[in-house]
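In: Below is the sequence, then the predicted model.
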Amino acid sequence: MAVTLESRKTHEAPETPAFDIDRIRAEFPILSREVHGKPLVYLDSAASAQRPQSVIDAVGDFYGRYNANVHRGVHQLSVEASEAFEQARSTVRRHLNAESDREIVFTRGTTEAVNLVAQSYLRPKLEPGDEILITHMEHHSNIVPWQLLCEQTGAVLKVAPINRRGELLVDELEALISERTRLIGIVHVSNALGSVNPVAEVCRIAREHGIATLVDGAQATPHVTVDVQALGCDFYCLSAHKMYGPTGIGVLYGREVLLEAMPPWQGGGEMITRVSFEGTTYNDLPHKFEAGTPNIAGVIGMGEAFRFLERTGIESIAHHEAELLTYATKRMQAIDGLTIIGTAEKKGPVVSFTLEGAHPNDIGTIVDHFGVAIRTGHHCAMPVMQFFEVPATARISFGVYNTTAEIDVFLDALGKAREMLA
């Protein structure tokens, strides 16, 4: 069903119906297809989730009915596009419980959001010898931007350790803080391990030391309630494609007082109010960080993805995925030669594993022939693999649409792979 202009005007979160897995699965058209003659079993949502029809329709509706640039035209199509674009911003703000739409900056995703903070917020403040503190379980997108920044400024990157369960050692993180620490970057939920970090506690510690915090929330927003004010973070980053939205679009949440003081990261159209050869006056928040024509369709699709989460109910989703995680973990622990990598007490819906005598890539290739899509490799978290002394892992990850029956299909396929590789 196409998204109407009237539905785009809705600000309030819709009521949450009872969790109905059959109804939810019916919203995802890709789940009806076959792969290698088998029904698709998609267990790779941590890499990129599938899209419900409402998101697909929202993107198509924009291109088919009111495709125009935003904020720059007085004609009806531009007015409708601008309205839908900013309604999406309001939806994101509500979902994250930010104080103002001015705190919601659209980016190409989590990676660009981290780079924006690194270059606009932190780089002007750094002096040689200053320190940036991250954790050992970070995704490359929360490692490499800080390494680049250290190369540019002479700052030092420090890494807080984890234990063999894949849990952050908070006391040791706090012990690494010094008077030169300028920012703590921490992943909310690890994509490689599933570990859920005590973000609110880390942010509290950082505030007590006068240190800014950035949270990589890419793996959290599809699965748990995210309240940036309750977390107490300064910056929060997310990607729409992890949470049933389009690729190439995401969000940087930043506290308004910090964003206001930050210089623009990129220059061009949209992020200005006046330009002359003598100088330029920058636009107000959040537009001064959104140079050029934005990914309008992506923003509108992301807004609909957030509304899908609200309609479905994030707490219902979390409960459903926790049941899947418990079921899969119990069954996989009973398999001889299989080792689960990442056994934190608090975990998101991710199971990374190795199988004795089998390379993860071979496992992934074989189960694919049974219609099962899983992820194999280092998951953009090479330091995690080095810590656990494995070259790679195979990983299954769950979304709102998965079932225990699909886990059974995967385990049957894994058994076939084990026989073949033995």
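Out: Structure's in. What do you need?
In: Residue 268 and residue 287, how far apart?
Out: Applying C-beta to C-beta, to the nearest Å, the value for residue 268 to residue 287 is 11 Å. C-beta coordinates here come from the backbone N, C-alpha and C atoms, glycine included.
In: Neighbour count: the two, which is higher?
Out: Neighbours around residue 268 and residue 287, counted as other C-beta atoms under 10 Å, are more numerous at residue 287. The numbers are 19 against 12.
In: so what's the more buried one up against?
Out: 71, 270-271 (C-beta atoms under 8 Å, 6 or more residues apart in numbering).
In: how does it look with 10 Å?
Out: For residue 287, the contact set (C-beta atoms under 10 Å, 6 or more residues apart in numbering) comprises 71, 102, 105-106, 264, 270-273, 294.
In: How about residue 22?
Out: By C-beta under 10 Å, 6+ apart, the contact set of residue 22 is residue 403.
In: Could you do residue 301 as well?
Out: By C-beta under 10 Å, 6+ apart, the residues touching residue 301 are 3, 51, 54-62, 88, 240-241, 244-247, 249, 295.
In: Buried subset of the residues you listed, written for ChimeraX?
Out: Applied in ChimeraX, the following selects the buried portion of the contacts of residue 301 according to 16 or more other C-beta atoms under 10 Å:
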select :3,51,54,55,56,57,58,59,61,62,88,240,241,244,245,246,247,249,295
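In: Which ones among the contacts of residue 301 lie within strands?
Out: If you go by DSSP state E, the contacts of residue 301 have nothing in strands.
In: on that earlier part again, ok, of the contacts of residue 287, which one's closest to residue 302?
Out: Within the contacts of residue 287, proximity to residue 302 (C-beta to C-beta) peaks at residue 106, which comes in at 8.3 Å.
In: Can you name the residues that contact residue 178?
Out: 130-131, 133, 156, 158, 209 are the contacts of residue 178 under C-beta under 10 Å, 6+ apart.
In: among those, who's most crowded?
Out: Most neighbours among the contacts of residue 178, by other C-beta under 10 Å: residue 133, with 25 neighbours.
In: C-terminal to the helix or strand where that residue lies, what's the next element?
Out: Assigned by DSSP states H and E, residue 133 belongs to strand 131-135. Later in the chain than strand 131-135, the nearest helix or strand by DSSP H and E is helix 144-153.
In: quick one: buried residues of that following helix?
Out: The neighbour-count criterion (16+ other C-beta under 10 Å) identifies 144-146, 149-150, 153 as the buried residues of helix 144-153.
In: still on that earlier bit, out of the contacts of residue 287, what pair is the most spread apart?
Out: Between any two of the contacts of residue 287 (C-beta to C-beta), the greatest distance is 18.5 Å, for 106 and 273.
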